[in-house]
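Student: Structure here, sequence nowhere to be found:
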């Protein structure tokens, strides 16, 4: 879904150093600051270019778990910790954007599978549940 309106027909692209969108609700923003959750600006939902397997597709940060699930089977084994950190949505951000305590869950769960990754590489990764819960 579009990060501006929530619809499915809007297109997103990078031209030079700026993001452009066909969404009628789009506005200019700086990804470097918009990607940081604060009390004043709680959402860090920004466009991100996929760095897996030469994919280069652009998706909104909050949509990335679904993209990884659909397009990159086994992504947990190949994703770099730095990219996981870029996609991270912390428990604090989830609280700031209004996700109830009982619905907040780890965003991206990446198991430690080899000696190249340590728990500290992935210790702050949080996000939405992978199964539906009754509300």
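Tutor: Thanks, I have the structure now. Only a predicted model underlies this, so the values are computations on that prediction, with no experimental measurement involved. Numbers count the residues shown, from 1 in each chain.
Student: Thought residue 3 was touching residue 25, still the case?
Tutor: No - in this structure, residue 25 is not within contact of residue 3 by CB atoms under 8 Å, at 9.7 Å. Every residue, glycine included, has its C-beta placed from N, CA and C.
Student: where exactly do the helices run in this structure?
Tutor: 31-34, 64-71, 75-78, 81-87, 91-96, 119-122 (DSSP state H).
Student: Other residues contacting stretch 31-50?
Tutor: If you take CB atoms under 8 Å, 6 or more residues apart in numbering as the criterion, stretch 31-50 is touched by 3, 12, 14, 19, 29, 56-62, 64, 67, 71-72, 86-87, 89-90, 92-93, 96-97.
Student: just the buried members of those residues?
Tutor: The neighbour-count test (16 or more other CB atoms under 10 Å) applied to the contacts of stretch 31-50 identifies 3, 12, 19, 59-62, 64, 67, 72, 87, 89-90, 93, 96 as buried.
Student: Okay, now the unreliable bits of the protein?
Tutor: Across the chain, residues meeting the criterion (pLDDT under 70) sit at 111-135.
Student: please redo it, this time with the cut-off set to 90
Tutor: 12-20, 27-36, 53-54, 77-78, 106-135 (pLDDT under 90).
Student: Please report how far the most centrally placed residue in it lies from residue 43.
Tutor: The residue lying closest to the centre of the chain (CA atoms, centre = their mean) is residue 61, at 2.8 Å. Computed as CB to CB, to the nearest Å, the residue 61 to residue 43 distance reads 9 Å.
Student: Likewise for residue 88?
Tutor: The separation that residue 88 has from residue 43, given CB to CB, amounts to 13 Å.
Student: When the two are compared, which one has more neighbours?
Tutor: Set residue 88 next to residue 43 and count neighbours by other CB atoms under 10 Å: residue 88 wins out with 20 against 16.
Student: Next, that one: phi, psi?
Tutor: Backbone torsions for residue 88, taken as degrees, to the nearest 10, come to phi -60, psi 140.
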